[in-house]
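S.K.: Structure of the sequence below:
(one chain, ligands or ions: 2)
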Amino acid sequence: MHIQSKLPNVGTTIFSVMSALATEHKAVNLGQGFPDYPMSEELTAKVYEAMKQGQNQYAPMPGLMSLRESIAEKVQHLYKTTINPDTEITITPGGTYAIYSAFTTILRPGDEVIVFEPAYDSYIPNIEINGGKAIPLPLTYPDYKIDWELVRSSITAKTKAILINSPHNPTGSVLDKNDIEELKQIVTDSNIFIISDEVYEHLIYDDLPHESILKYPELFERSFVCFSFGKTYHCTGWKLGYCIAPAAMMKEYRKVHQFNAFCCFTPAQAALADYMKNKEVYLSLPRFMQQKRDYFIELMKNTKFDLLTTHGSYFICASYGRISDESDKDLAIRLTKEAGVATIPVSAFYHNQKDDKVLRFCFSKQNRTLQQAVEKLMKI
Ligand code: PMP
Ligand code: GLN
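M.R.: Ligands and ions are numbered 1, 2, ... in the order given. Predicted coordinates:
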């Protein structure tokens, strides 16, 4: 049987490719973003408890009410915004699904969505498979900021949405108040939706505030704001997240969700509903992860990589002009095979494979993993 591909230009994601290569060559994996240290035992015990107590059947379609209430409480505390847990929050199987569903909810054939590159690799295929057209705009290099003049000149009658991601994967750049002001000016009095990928909301460093869209009612009124428990609780394999949107928009979103996943894994929802009431866990996360970033930066001074600045996420990028003039893909493959360290070539996050000769390193790892990796990189 022949399938006329809906995604003819898409191969296997770079994360699967580099993780497989890392396994094959027994390389230290600083490629795909996931922690290699254990998650909270208290939280896993709560999941077990929920299962033993019989919470093993379908959750309500939008998610357990207790979890949605805990999320609304957290949003109130952090962003001083009142969210209705009944009508404005839906629990999803991960952040990627939350974003995908937002596109399915709003896009019609030919609609344009502005995305910024380097872009997390699911965004453009998510737009295209939902009939939309991605309008990729480059972030400035090497500080990876949004060029708002370019955004203004790229808006057309077909612009349906702008997708933002802060803290940013793969670069760790973060949006500031000025960016929010620019965004406000651009979307005010327009019909443009915002999809805000905030999965790294707590992985933000140097005492910078996270400029959540939830803090700005003028922006929230047109936004789908997407989160992931995987990043906050060191359990990326749980694939559990949520979307927050105004009630009328969420009503349409749930029409999509109810005939796709319908609902998510109940025991983890029950466990998180209780566990996330402990604010200290997420409030201590920036400090915890910043230590890892700073430790990695210190170690990398012994190599010939030139690190770029990161203020958030799991990631730090590095240029390698002092090592090689190979393409970033070639170097990433060679480093995995020959040096035993897997990374991600940043060109994989551009629709046209733009190659600034930059690799992405994931530092959400045990110190000894980071140490092992850098010992190998020092030989390059
Ligand atoms: N957005 C970005 C920018 C990410 O890095 C990730 C993590 N892979 C996601 C969304 C998706 O999170 P999840 O694993 O919960 O789908
Ligand atoms: N978010 C992770 C990364 O950027 C991995 C996600 C995935 O493997 N799909 O590396």
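S.K.: Next up, the contacts around the residue nearest the centre of the chain.
M.R.: Central residue of the chain (C-alpha atoms, centre = their mean): residue 199, 4.7 Å from the mean position. Counting by C-beta atoms under 8 Å, 6 or more residues apart in numbering, residue 199 makes contact with 95, 169, 226-228, 230-231, 241. C-beta: built from backbone N, CA, C; applies to glycine.
S.K.: Could you check how far it is from residue 260?
M.R.: Per C-beta to C-beta, to the nearest Å, residue 199 is found 19 Å from residue 260.
S.K.: For the residue in the stretch 201-350 of the chain that ligand 1 sits nearest to, which non-adjacent residue is spatially closest?
M.R.: Residue nearest to ligand 1 within the stretch 201-350 of the chain (C-beta to the nearest ligand atom): residue 228, separated by 3.2 Å. Once flanking residues are discounted, residue 228 sits nearest to residue 95: 3.5 Å by C-beta to C-beta, 6 or more residues apart in numbering.
S.K.: and what of residue 329?
M.R.: residue 345 (4.6 Å).
S.K.: can you tell me how far that neighbour sits from residue 97?
M.R.: Residue 345 is 26 Å from residue 97, where distance means C-beta to C-beta.
S.K.: Likewise for residue 159?
M.R.: On the measure of C-beta to C-beta, residue 159 and residue 97 end up 24 Å apart.
S.K.: likewise residue 242?
M.R.: Counting by C-beta to C-beta - residue 242 and residue 97 are separated by 10 Å.
S.K.: cool, and residue 368?
M.R.: 33 Å.
S.K.: Model confidence for the residue nearest to residue 228, exactly?
M.R.: Note for residue 95: predicted pLDDT of 98.
S.K.: what's the answer for residue 193, then?
M.R.: 98.
S.K.: Then residue 9?
M.R.: Note for residue 9: predicted pLDDT of 88.
S.K.: Also residue 345?
M.R.: 97.
S.K.: For it, give me its contacts.
M.R.: Neighbours of residue 345 in contact, by C-beta under 8 Å, 6+ apart: 14, 327-329, 331-332, 355, 358-360.
S.K.: Turn the residues you listed into TSV, columns for neighbour count, pLDDT and secondary structure.
M.R.: Below are the contacts of residue 345 laid out as TSV (neighbours: other C-beta atoms under 10 Å; pLDDT from 0 to 100; DSSP: H, G, I helix; E, B strand; the rest coil):
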residue	neighbour count	pLDDT	secondary structure
14	20	92	helix
327	14	97	coil
328	24	98	helix
329	19	96	helix
331	20	97	helix
332	26	97	helix
355	16	97	coil
358	26	98	strand
359	26	98	strand
360	30	98	strand
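S.K.: Make JSON lines out of those residues and add distance to residue 43.
M.R.: JSON lines is the format used below for the contacts of residue 345 (distance: C-beta to C-beta, whole Å):
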{"residue": "14", "distance to residue 43": "30"}
{"residue": "327", "distance to residue 43": "42"}
{"residue": "328", "distance to residue 43": "37"}
{"residue": "329", "distance to residue 43": "37"}
{"residue": "331", "distance to residue 43": "38"}
{"residue": "332", "distance to residue 43": "34"}
{"residue": "355", "distance to residue 43": "40"}
{"residue": "358", "distance to residue 43": "35"}
{"residue": "359", "distance to residue 43": "33"}
{"residue": "360", "distance to residue 43": "28"}
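S.K.: from the residues you listed, which is closest to residue 280?
M.R.: Nearest to residue 280 among the contacts of residue 345, counting by C-beta to C-beta, is residue 360 at 30.1 Å.
S.K.: For that closest one, give the beta-bridge partners.
M.R.: Under the criterion DSSP bridges, residue 360 forms beta bridges with residue 317, residue 344.
S.K.: what residues are up against it?
M.R.: Counting by C-beta under 8 Å, 6+ apart, residue 360 has contacts 31, 170-171, 315-317, 343-346.
S.K.: What of residue 372?
M.R.: residue 28.
S.K.: Alongside ligand 2, which residues does this protein contribute?
M.R.: Counting by C-beta under 6 Å from any ligand atom, the positions of the chain adjacent to ligand 2 are 13, 15, 32-33, 169.
S.K.: quick one: which of the contacts of residue 199 sit in helices?
M.R.: Within those, residues falling in helices by DSSP state H are 95, 230-231.
S.K.: Residue 115: what secondary structure?
M.R.: strand (DSSP: H, G, I helix; E, B strand; the rest coil).
S.K.: hang on, it packs against residue 136?
M.R.: Yes: the pair residue 115 / residue 136 is scored as a contact, 5.4 Å apart, by C-beta atoms under 8 Å.
S.K.: Overlap in contacts, the two.
M.R.: By C-beta under 8 Å, 6+ apart, the residues touching both residue 115 and residue 136 are residue 124.
S.K.: related to what we said a few turns ago, so which of residue 368 and residue 97 has more stuff around it?
M.R.: Set residue 368 next to residue 97 and count neighbours by other C-beta atoms under 10 Å: residue 97 wins out with 22 against 10.
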